[in-house]
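Enquirer: Take this sequence and fold it.
(2 chains)
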Amino acid sequence: MDTILVPEPEESLPSLSVSNDQGILQWISSVDHKQIGIMYLWLSVLFLVVAGIEILLVRLQLAIPNNHFLAPEVYNQLFTMHGTTMIFFVAMPAIFGFTTYFVPLMIGANDMAFPRLNAFSFWTTFFGGSLLYFSFIAGGAPDAGWFNYAPLNEYNYSSSPGIDYYCAGLLFAGIGTVTASINFVVTILHYRVPAMSLKQMPLFVWMILINSFLILAAFPSLNAALAMLLLDRQLHAHFFSAAGGGSAILWQHLFWLFGHPEVYIVILPIFGIFSEVFPVFSRKPIFGYSMVIGSGIAIALLAFGVWVHHMFATGLGNTVNGFFAASSLLIGIPTGVKIFNWLATMHGGAIRFSVSMLFAIAFLIEFTIGGLSGISFAIVPIDWQLTDTYYVVAHLHFVFIGGTLFGLLSGLFYWFPKMSGRAPDQRLSRWFFWLFVTGFNITFLVQHALGAMGMPRRVYTYPNLPGWGVLNLISTIGAFLMAGAVGLLVYILVRALNKGAIAASDPWDANTLEWTTTSPPGLKNFDRVIPVKSTRPFRDYKRPEDADWKRQEVAYTEKPPDIDITQNNSHGE
Amino acid sequence: MENKLMIKLVVGTEAMFFLALIMAYVYFSLLPGFSPQQADHLDIRSTAIFSAFLFSSSFTFWRAEMNFKQGKMTRLKGWLLLTLVLGLVFLFGQGNEYARLLRENVSISSSLFGTSFFTLTGFHGLHVFAGLVVISIITALTFMGDYDRSTSSVFGTVGIYWHFVDIVWLFVFLIVYILPHFHKITG
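Expert: Okay, here's the model as predicted:
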């Protein structure tokens, strides 16, 4: 009997070439959290490029009025696939990539709690994405938008198999997401170094812990809705078809009961990344460590009480609308608390404007704009006016790109030297930052105006009304600028991997345990872990005379020997 | 300990899944035309009997776990086999009920009642089936001597899942079979 030798990893970043004996089979069979993390990130980059091309075609179609570059059916498939891919196969895998890679390193563990379950989570996500894209050659992609409203998602209205693949692909990915979250919770609660108490965990780990519970509570209602829809389409059940007595509004309830927590699921880990990046590049401890955690928990709880603000236009009545308008205004508060945490962290700090920090600062501005336009939807009459217009498109891209994507890019530039052992080119990275941020603002700022002027989303073309043509053209030009920037990013990454300068093990003078390892970390993360006595163990280790835990002890003694407040705030150098 | 926390999280997320299905069922059951069908087609007596088999399988599994802790392997095997039999009887009962309903032309596509009934009870049956697969595996391993003098947490872990499946059925039985009965009497 022939046996296949599955290669065990010998190094933490084996070569990607197939010809070498630690080749592609080693990656496929890997259960190492660092390799799985890297695979998540490449999966995300792959789908970013695919979903980016889809939306460039859409923007080309919208560049001029009364355009017939794309047929309406193709247009519907492209924007649906763009949204679905970006949420489920770009944002989520990228977050999980960083989580899988860095949570064990940040808590002093050598791997996840369940390494094989970790590989399972990645591969189900991978197959979910593949299944979704298989629809293109199986007779047509899904075409009812990323939130796939009933009754448009029913067989009578969309008879191509696309939506069946949507259900199957997202169910697969959803199972992978839930199992990954279970793994994260168990890892965080059981695999920390014994010295690290919960209140000494890095904030990124805290946000992942909160976020994992959010996923466990939110994804089941999506999975249930997808299962019901599959039953409707395949076995002619009547859940969402009004003709059979079912209820189209039930889909909306189930979808948004998942969907609104989902938007926090893709932003809470980002808040965690920024809570690492701001202190390191401001050379100060985070301002209000426990407030960051507390507001994170508040967001997670409130996230389940706001879903109806996606459904104001369905006519559920004034009482319901009033309740959800109030809760939607309320959830802005904990998010605002976090913005002030980061601003206060920067205040008085010795700020280093690395690319990672540039994205963090840009995030503060763009995400606040997105937050303000979001608050405007909590006001029911404004929502009625603006719902399903480009104003919504502008809002959601300001929070998804200006929030989630900027955070992922900030994390990428922060951790890339650790993951690859190489430093990306500084000058090109700055070019990338400015091109991307400029392109982003050109694309989406004008869409606020288009929405206010009444341009509906998801319609394949538009009449030549005053202003519409020129604003859409500007938006399309911005989109191509962003695409160019993403191309530059892929070039920067590939070049850095091949011939970038060798990175130091602690290039940013950082605070947390992942930086105590070599770059990239060895196959076994830690032989021993430095003592953890505060939230910044590595800094304590590097500056024992100025350690955080010593300062805390002094503060608790009866008569502190004249502490200088300013020194307390801006130590570091 | 990790395994127990893991299965508790699984149970938590599964509970949310069933909550969604139950909410859909309750929502539809308030629409006109639903409850007469429910009353006509469901036989509370036979379902109560095969439900009793499922509920007692929770007890037998708990006995299995206790005997494992005390190292009484022969008794452990007996209680595990009994659990398997009780679970299979429940599934057989459910299969019988499905067959009868299909003969009466109640199917997943026949009406809103059929849709929500078969989906809710079907997903529960699927979970019972998955539990039985897992229990047969650990029963086989027990007979092969894998757990002799072992401190494995597998029985506690599987137990949490199996009791969960039971508790879900308690709610399903209450909502699908018993509550409409009261409606009929009062209304």
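
Enquirer: any low-confidence regions in the chain?
Expert: Using chain A. Within chain A, the stretches with pLDDT under 70 are A:1-6, A:14-22, A:552-573.

Enquirer: nope, chain B please
Expert: For chain B (pLDDT under 70), the answer is B:183-187.

Enquirer: what residue of it is the furthest out?
Expert: B:Arg149 (30.9 Å; C-alpha atoms, centre = their mean).

Enquirer: Apart from its chain neighbours, what residue comes closest to that one?
Expert: Closest residue in space to B:Arg149, ignoring its immediate chain neighbours: B:Gly71 at 7.1 Å, by C-beta to C-beta, 6 or more residues apart in numbering or on different chains. Where you see a C-beta, it was placed from the backbone N, CA and C, and this is true even at glycine.

Enquirer: Kindly report the same for A:Leu445.
Expert: Per C-beta to C-beta, 6+ apart, closest to A:Leu445 is A:Ala394, 7.3 Å.

Enquirer: Give me the distance between that neighbour and chain B.
Expert: Shown here: A:Ala394 relative to chain B, a distance of 32 Å by C-beta to the nearest C-beta, to the nearest Å.

Enquirer: Check which helix or strand that residue maps to.
Expert: helix A:390-399 (DSSP states H and E).

Enquirer: Please name every helix or strand in contact with that helix.
Expert: Using 3 or more C-beta pairs under 8 Å, 6 or more residues apart in numbering or on different chains; DSSP states H and E, the elements in contact with helix A:390-399 are helix A:355-377, helix A:426-452.

Enquirer: Turn those helices into JSON lines, columns for mean neighbour count.
Expert: Below are the helices and strands packed on helix A:390-399 laid out as JSON lines (neighbours: other C-beta atoms under 10 Å in any protein chain shown):
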{"stretch": "helix A:355-377", "mean neighbour count": "20"}
{"stretch": "helix A:426-452", "mean neighbour count": "19"}
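
Enquirer: To B:Leu174, which of these lies closest?
Expert: Proximity to B:Leu174 (C-beta to C-beta) singles out helix A:355-377 among the helices and strands packed on helix A:390-399, at 39.3 Å.

Enquirer: Quick check: buried residues in the very next helix or strand once past that closest one?
Expert: Downstream of helix A:355-377, the next assigned helix or strand under DSSP H and E is helix A:380-386. For helix A:380-386, burial by neighbour count (16 or more other C-beta atoms under 10 Å in any protein chain shown) applies to A:380, A:383, A:386.

Enquirer: For the stretch 451-573 of chain A, what lies in contact range of chain B?
Expert: Contact residues, the stretch 451-573 of chain A versus chain B (C-beta under 8 Å from any C-beta of the partner chain): none.

Enquirer: Neighbours of whatever residue of the stretch 451-573 of chain A ends up closest to chain B, how many?
Expert: Nearest residue of the stretch 451-573 of chain A to chain B (C-beta to the nearest C-beta) works out as A:Asn525 at 18.1 Å. Residues lying near A:Asn525 (other C-beta atoms under 10 Å in any protein chain shown) number 22.

Enquirer: on that earlier part again, my guess is the residue nearest to A:Leu445 contacts A:His448. True?
Expert: Yes. Between A:Ala394 and A:His448 there is a contact under C-beta atoms under 8 Å: 4.6 Å.

Enquirer: Leaving out the residues flanking it, which one is nearest to A:Pro65?
Expert: Nearest residue to A:Pro65, sequence neighbours excluded (C-beta to C-beta, 6+ apart): A:Asn464, at 3.9 Å.

Enquirer: picking that back up, not counting sequence-adjacent ones, nearest residue to the residue of the stretch 451-573 of chain A closest to chain B?
Expert: Leaving aside its sequence neighbours, A:Asn525 sits nearest to A:Asn110 (C-beta to C-beta, 6+ apart; 4.9 Å).
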